[in-house]
Structures are given as structure tokens and as C-alpha cells.
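Asks: Sequence below, structure please.
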Amino acid sequence: MTKNIFKTACLLFVGCLISNYIKADSGVKIVEKNGKFELYVDEVKKYIKGVGGTNKIDLAVQNGANAFRTWGGNVESIKNDIELARANHMYIMQGIGLTKNRASYSDETYKNKLRNEVRLLAETFKDDPNILVWGIGNEIDHEGKANVGAAWKFVDELAQIIKSIDKRHLVSTVITHNPRALDSIARYTSHLDLIGINSYGVIGELEDMVNKSDYKGAYMITEWGPTGFWETSSTKWKAPIEQTSEEKRIVYENRYNNYILGSPRCLGSFVFLWGQKEERTPTWFSMFVENSVEGLSLKGEKTPMVEAMERVWKGVELTQTSPVIGKMTINKKAANESVTLFVGQPFTGEVSVMDKEGDKLSFVWEILKEASVLGSGGSHEPRPDRIGEVVTTTKNTYQPTISEPGNYRLYVYVLDNTGFAATANVPFQVIN
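Replies: So this is what the prediction gives:
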């Protein structure tokens, strides 16, 4: 009898040790060895191949992605995100929205509200296996708005609140490509597990920027994609010149292979934007074209940037690819030649294009006014007004006229009827 009691006690003791060991080693962790940082989820090494947004997540998984990023949410919306992630075997970088108004970080009413919200989120989702990391704020340093000690101290306080409740998940914040913000984070925070950095045209300088900063931890590239409108050349009237979708495809592949993969402190990335949004144009950051816009015969088709990500994530060549746009012109002039026309003057838009699979192509043409109601840091912008009607052709040219002076863009969408759409636009000015 005594022997059985002893045996039972031993088994219980061993079981307790095993349970504690599993609990201690479960969750999301970062391991550093000889200057290289690696991410582990429940003791399994992971590299994040992520998308920004929750659009077409099933397609993202098919293309090789394993995570998506959000920029904020409440309990109910996060539950919906988790259901989406669980159904698709994805991880989430779950955002927690913070203001860019620096005065708010001295406002105890605002801060108490955030403290309570963060505490509720941590308590509700502390054990969820699909959440990977909390992202406290997005670009609060944008244009220097809240790159101040009070703001970063509050970010650190929120991180501390989360970590006091949630032992499973990592905690981060997200900044712009900003060495001063990195140094501020190193100075004012001690409870963050990693940093998210949003970087576009200067992504080639990102690794060196991090290495030269006071920040010594791991990072993810939480937004990246085409060259931004603030980084490109412009027309004489300051309209930024957008890359064609083929130029973007090349950029996405090169930036992923050369500046994301292989960086020893980088745990992965979230490509932007796995969806569609208006930001200076309807196509600038959009990896899918628009859907359900009145008068526009587009159905959310994939752009060549989706093709690019499947190629780099899977490391294979695709059997079906997008049409390839070479050049778009108005009256034989490219965007960088600052195309100027007279009121009522007929003009010719032309796009050179080829299709590797020889698919039959159609061309959708639209003229929009140049965007004038502009957001900041990704905030909402309305779609610019359309001029005339959308025209669909089977040839690569289009000949309209404009009856009012102003600044405009001519857009073309080249459809191959396999689910891809190549895009390009040329800004132009009409004068009396």
C-alpha cells in the first residue's frame, strides 16, 4: 500500500514537471544565437510570410503565406480575425490602434481608456494559438508627430500591461523607416520583444539603419511594397508618377529576395497591401484591382504583384502569369515628360503589352481627376471623380478628349481573363 502511494506520488510529480515544462516552452518566442534571431511557435521554428490585411486570405495561403496583419480592432472584430486565421491555418499580427497626436500622451483620460482596452484584449486572447504578436500603434512617429519620450513610455507601459497578463504572445510596436524612432524605442522601452518597420523605396537601406541604431533586438518588416508616392519623380505640376504593375512586380521580387530574406535580425515580413485601397490612386499600393465600382468592369483581379509573391514565397515558376506592360504613353509621351494637352484636343493613350501564355487580352480605360483630397499616413482618401465613361477595347489604344482644364490621369487595366489584371496610368494636364 505504501509502495503504491509512493508510486502514485512520483507519477503525479513527474506529470507536474512535464506539464510545467510544456507550459514553459509553449507560446511564441524569439531566440538569438550569434547575432541571428529566430522565431519559434510552440518550439517550432517559423519564418513569417505575411500579408497586410484580411482580403482573400484563402488565396494568400495557396500562394504560400502563413500570416496576416491588422491595424487595430475590438474584441468582436478580433474574434472574427481569429476565426479567419484558424480556418486558414494562419498567424495574426494583431494591431492595437494608437493616436499620432502627441498631446494625447499627456492626457490621462485618453491613456486610461487605452489601458483598459489593452487589458481587456490581453485577458480575452491571452491563450489564443493563432495570435502571434500584438502591434501597439502604427507609425505614431510619422512625420515626427509623436516621436517623443512620453509616447514611447506609454507604448512600453501598454506592453508591460499585456505581458503581465499574456505569457504566450510577443509584443511590438510599428514605426516608419526612421532611425530616430529606433533610437527613441531603445531609450524609452524595455518590454517590447521586437519592432515592426514599414519601408518602401528605401528598404535597401533598412538593415543598415537598424544595425547602426541603438536598438539591438529583432524586427519584422511590417509594410513593404512599391516605391511610395513621396519617393518617386513627379510631373511639373507635382503629380507623383506611379510605377506600372510590371515595374512593381520586379520591385517586389527584388526587394523580397535581396532585402528581406537572409537578414539575420529580420523574422519575416507583411507585404502591402493584400487588397485594394485608394491612396493617391486606386492602384498605387493595391495588389488587387477594384471590385463593384459602378461603371467599372473590374472584379478584384490579381495584379502581377500577387504573381511575384507566389514566386518568391514558394520558390517556383508559375504556369499562369499576368500580362506584361512595357510602357504607357499619351501622344507618344511618357509620364515623366509631363504630358500637357489643350481643352478639346483629341489625344491617344497607348500601352505596349505582351502575354507569356498568349491569352486574349482586353483593355479597360478610365480617366479620373488627379486626387486632391489627400490623407496622411495611410488615412482614408475618397476615390477621385471620373471623367466621361469607362471604355473597354480589344486593342491597346484609346482616343478621348477632355472639355475642362485641370489635372487628370488616364488609367488602363489589361485583363487576360484568367484572373490577372496589369495596370498603368499617366498623369496629364489640360489647359486652355
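Asks: where does this protein have low pLDDT?
Replies: 1-25 (pLDDT under 70).
Asks: Which residue ranges make up each domain of it?
Replies: 24-314, 324-431 (automatic domain parsing).
Asks: Dump those domains into TSV; add mean neighbour count as well.
Replies: (Each C-beta comes from the backbone N, C-alpha and C, glycine too.) Shown next, in TSV, are the domains of the chain (neighbours: other Cβ atoms under 10 Å):
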stretch	mean neighbour count
domain 24-314	19
domain 324-431	17
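Asks: As a check, name the ranges of all helices in the stretch 1-150 of the chain.
Replies: 2-25, 57-63, 75-88, 108-125, 149-165 (DSSP state H, counting those that start in this stretch).
Asks: Quick check: which of the ones you listed is nearest to Gln276?
Replies: helix 57-63 (13.5 Å; Cβ to Cβ).
Asks: Can you work out which other helices and strands pack against that closest one?
Replies: Judged by 3 or more Cβ pairs under 8 Å, 6 or more residues apart in numbering; DSSP states H and E, helix 57-63 is in contact with helix 75-88, helix 304-314.
Asks: next SSE after the last one?
Replies: To tie it back to what came earlier, the one meant is helix 304-314. strand 324-330 (DSSP states H and E).
Asks: so how far is that next one off the chain centroid?
Replies: 26 Å (Cα atoms, centre = their mean, to the nearest Å).
Asks: Just the residues contacting it, thanks.
Replies: For strand 324-330, the surrounding residues in contact (Cβ atoms under 8 Å, 6 or more residues apart in numbering) are 244-246, 304, 334-335, 339, 341, 347-356, 410, 412, 414, 422-426, 428.
Asks: where's the closest residue in space to Leu296 that isn't next to it in sequence, which helix or strand?
Replies: In space, Leu296 comes closest to Val390 once its chain neighbours are excluded; the distance is 5.3 Å by Cβ to Cβ, 6 or more residues apart in numbering. Using DSSP H and E, Val390 falls within strand 386-393.
Asks: partners of that strand in the sheet?
Replies: When sheet partners are counted by DSSP bridges, strand 386-393 sits next to strand 362-369 (antiparallel).
Asks: Which ones among the contacts of strand 324-330 lie within helices?
Replies: Judged by DSSP state H, the subset of the contacts of strand 324-330 located in helices is 245-246, 304.
Asks: could you dump those to JSON lines with distance to Asp141?
Replies: Below are these laid out as JSON lines (distance: Cβ to Cβ, whole Å):
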{"residue": "Ser245", "distance to Asp141": "31"}
{"residue": "Glu246", "distance to Asp141": "33"}
{"residue": "Pro304", "distance to Asp141": "32"}
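Asks: Nearest to Ser292 among those residues?
Replies: Ser245 (20.6 Å).
Asks: in terms of contact, does that closest one touch Met305 like I think?
Replies: Yes. With contacts counted by Cβ atoms under 8 Å, Ser245 reaches Met305, the gap being 6.9 Å.
Asks: Pull up the overlap in contacts between the two.
Replies: Common neighbours of Ser245 and Met305, counting by Cβ under 8 Å, 6+ apart, are absent.
Asks: Could you export stretch 222-229 as PDB, CA atoms only?
Replies: Extracted C-alpha coordinates of stretch 222-229, given in PDB (Å, rounded to 0.1, in the frame of the first residue of the first chain):
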ATOM      1  CA  THR A 222       5.500  45.100 -41.300                       C
ATOM      2  CA  GLU A 223       4.700  47.000 -44.600                       C
ATOM      3  CA  TRP A 224       6.700  47.000 -47.800                       C
ATOM      4  CA  GLY A 225       5.900  47.100 -51.500                       C
ATOM      5  CA  PRO A 226       6.200  49.600 -54.400                       C
ATOM      6  CA  THR A 227       8.100  52.800 -54.300                       C
ATOM      7  CA  GLY A 228       5.900  55.300 -52.400                       C
ATOM      8  CA  PHE A 229       4.300  58.400 -54.000                       C
END
